[in-house]
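Participant: no sequence for this one, just the structure:
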């Protein structure tokens, strides 16, 4: 945990509360959470999306555990969307989205990415003792294990059609990453005797990432065929895709780096060396790679920038990863980078006028909206203010409930 001075802890706490204040407008009277625009207003054109709703439930469960007035009500509104309109009563699981009139998006099918976030939301809300959360957690974990977890592969499949009849051949590392995050949280939310298998699954999926990093010089392939053979050219013709960009994504290298350390704290293994290698590669390839401050979004397989847009979530994950590595190693270089990236975030990303963080900047660090219009939610930024003040284990909700926040 990096924060050692009272002024920095005070600043982080104020930013936590500022973000929670901004995102509270996402709570919808009919249940669910809205995608927010630049000023924090619900954007009806985006509908009600499961991943946004689940991340909102998670974040405001954390807010409730922090004792922030009103946070529990926001979490409950989001949970009502997950147990209501977003839930598929006919086929099980959760739709990707519903329109503002409640019409499900059936064309998008059902994804491991969405369902991992439902598990995370249910786990955090269970720890926060929100009404109905434990039942949601039981349902979400059952659906995930039945439909998405591939026991033979030791990692999840990616996307089904809406009726769970046809499985897409695509496999993805993004859904795997958020599955690991969710599985570690689930382990901290279920009865102690049930925690081990969830951590075992997380370890199996993460071991694959360690192998990938070693085989690709620290850069992680994101896209795979059904046998998990990397497809290194996927989306080369549209490299800025929101969820499936071409090439390597330095931000995911940073996020995996941190997750490896959370896993190591509960499952000893060869995680530290891989965490450092992933972090160092992401920083070398991504930070100020084109002569300007900031992390580029993607690179090719030689580390050359492809999409030079700067995403807020990458900086948030860089901050959290640097904090985790400093906690684990006490190496001052991680503390120095932590400070550098908070300075960058405060200078370019933190929107003092309209709230939250700008979600996207152009290569000159000016607000942009080519990939991510608006300010959809506060998940990444909020966690960047909390993780540096917490131990590597347990996961965030359980650590807050145990009074571990510094």
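Facilitator: Thanks, I have it. Computed from a predicted structure; not experimentally measured.
Participant: so how far is the helix or strand containing residue 57 from its chain's centroid?
Facilitator: Remark: residue 57 resides in helix 50-65, with elements defined by DSSP states H and E. Centroid separation between helix 50-65 and its chain, computed with CA atoms, centre = their mean, to the nearest Å, is 12 Å.
Participant: can you list the residues that contact the helix or strand just after that helix?
Facilitator: Per DSSP H and E, helix 50-65 leads on to helix 71-83 as the next helix or strand towards the C-terminus. Contact with helix 71-83 is made by 20, 23-24, 26-33, 48, 50, 53-54, 56-57, 60-64, 94, 118, 121-122, 125, 128, 130-133, 136, as judged by CB atoms under 8 Å, 6 or more residues apart in numbering. Every residue, glycine included, has its C-beta placed from N, CA and C.
Participant: Helix 71-83 to helix 50-65, inter-axis angle?
Facilitator: 150 degrees (axes from the mean of the first three to the mean of the last three CA atoms, to 10 degrees).
Participant: and helix 71-83, which residues are buried?
Facilitator: 71, 72, 74, 75, 76, 77, 78, 79, 80, 81, 82, 83 (16 or more other CB atoms under 10 Å).
Participant: pLDDT score for the nearest residue to the third one once chain neighbours are set aside?
Facilitator: Here the nearest residue to residue 74 in space, its sequence neighbours aside, is residue 60; by CB to CB, 6 or more residues apart in numbering that works out to 4.0 Å. In the predicted model, residue 60 carries a pLDDT score of 98.
Participant: same question, residue 240
Facilitator: Per-residue confidence (pLDDT) for residue 240: 85.
Participant: try residue 188
Facilitator: The confidence metric pLDDT takes the value 98 at residue 188.
Participant: Once you drop chain neighbours, what's closest to it?
Facilitator: Of all residues not flanking residue 188 in the chain, residue 398 sits nearest, at 4.0 Å (CB to CB, 6+ apart).
Participant: before we move on, the earlier item: does the residue nearest to residue 74 really touch residue 19, like I thought?
Facilitator: No - using CB atoms under 8 Å, residue 60 makes no contact with residue 19, being 10.9 Å away.
Participant: shared neighbours of these two, anything?
Facilitator: Between them, residue 60 and residue 19 share no neighbouring residue, with contact defined by CB under 8 Å, 6+ apart.
Participant: Neighbour count for those two, which is higher?
Facilitator: Set side by side, residue 60 and residue 19 show more neighbours around residue 60, with 35 against 25, by other CB atoms under 10 Å.
Participant: show me the contacts for the more buried one.
Facilitator: Contacts for residue 60 were tallied using CB under 8 Å, 6+ apart; they are 20, 23, 24, 71, 72, 74, 75, 78.
Participant: buried stuff in stretch 344-364?
Facilitator: Within stretch 344-364, the residues scored as buried using 16+ other CB under 10 Å are 344-345, 348-351, 355-361, 363.
Participant: Give me the distance between the residue nearest to residue 74 and residue 121.
Facilitator: Using CB to CB, to the nearest Å, one obtains 10 Å as the distance from residue 60 to residue 121.
Participant: cool, residue 248 as well?
Facilitator: As defined by CB to CB, residue 248 lies at a distance of 29 Å from residue 121.
Participant: more crowded one of these two?
Facilitator: Taking other CB under 10 Å, residue 248 and residue 121 do not tie; residue 121 has more neighbours (34 against 27).
Participant: Just confirm that one is within a helix.
Facilitator: Yes - read with DSSP: H, G, I helix; E, B strand; the rest coil, residue 121 is one of the residues of a helix.
Participant: residues touching the residue nearest to residue 188, list them.
Facilitator: If you count contacts by CB under 8 Å, 6+ apart, then residue 398 has 127, 185, 188, 189 around it.
Participant: What is the nearest of the residues you listed to residue 43?
Facilitator: Each of the contacts of residue 398 was checked against residue 43 using CB to CB; the closest is residue 185, at 27.8 Å.
Participant: Quick check: next helix or strand after the helix or strand where that closest one lies?
Facilitator: Per DSSP H and E, residue 185 falls inside helix 173-189. Sequence-wise, the next helix or strand downstream of helix 173-189 (DSSP H and E) is helix 192-215.
Participant: and the angle from that next one to helix 173-189?
Facilitator: Relative orientation of helix 192-215 with respect to helix 173-189: 150 degrees, computed using the same axes, to 10 degrees.
Participant: would TSV of the buried residues of stretch 344-364 with distance to residue 229, pLDDT and secondary structure be doable?
Facilitator: Conversion of those to TSV gives the following (distance: CB to CB, whole Å; pLDDT from 0 to 100; DSSP: H, G, I helix; E, B strand; the rest coil):
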residue	distance to residue 229	pLDDT	secondary structure
344	37	98	helix
345	37	98	helix
348	39	98	helix
349	37	98	helix
350	41	98	strand
351	42	98	coil
355	44	98	coil
356	39	98	coil
357	37	98	strand
358	37	98	coil
359	33	97	coil
360	32	97	strand
361	35	98	strand
363	33	97	coil
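Participant: farthest pair in the residues you listed?
Facilitator: Between all members of the buried residues of stretch 344-364, the longest pairwise span (CB to CB) is found for 355 and 363 and amounts to 24.5 Å.
Participant: still on that earlier bit, can I get the contacts of residue 398 in a markdown table including distance to residue 314 and neighbour count?
Facilitator: Supplementary listing: those in a markdown table, determined by distance: CB to CB, whole Å; neighbours: other CB atoms under 10 Å:
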| residue | distance to residue 314 | neighbour count |
| --- | --- | --- |
| 127 | 28 | 27 |
| 185 | 22 | 29 |
| 188 | 26 | 24 |
| 189 | 28 | 28 |
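Participant: Could I get the full set of strands for the stretch 301-406 of the chain?
Facilitator: Listed in chain order, the strands of the stretch 301-406 of the chain (DSSP state E, counting those that start in this stretch) span 310-311, 360-361.
Participant: Of all those strands, which one is nearest residue 333?
Facilitator: Smallest distance to residue 333 across the strands of the stretch 301-406 of the chain (CB to CB): 22.3 Å, for strand 310-311.
Participant: Count the residues that sit near the closest residue to residue 185 other than its chain neighbours.
Facilitator: For residue 185, the nearest residue in space outside its immediate sequence neighbours is residue 123; the separation is 4.1 Å by CB to CB, 6+ apart. The tally of other residues near residue 123 (other CB under 10 Å) stands at 33.
Participant: quick revisit: need the strands of the stretch 301-406 of the chain in TSV (columns: distance to residue 393).
Facilitator: As requested, those are exported to TSV (distance: least, CB to CB, whole Å):
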stretch	distance to residue 393
strand 310-311	27
strand 360-361	32
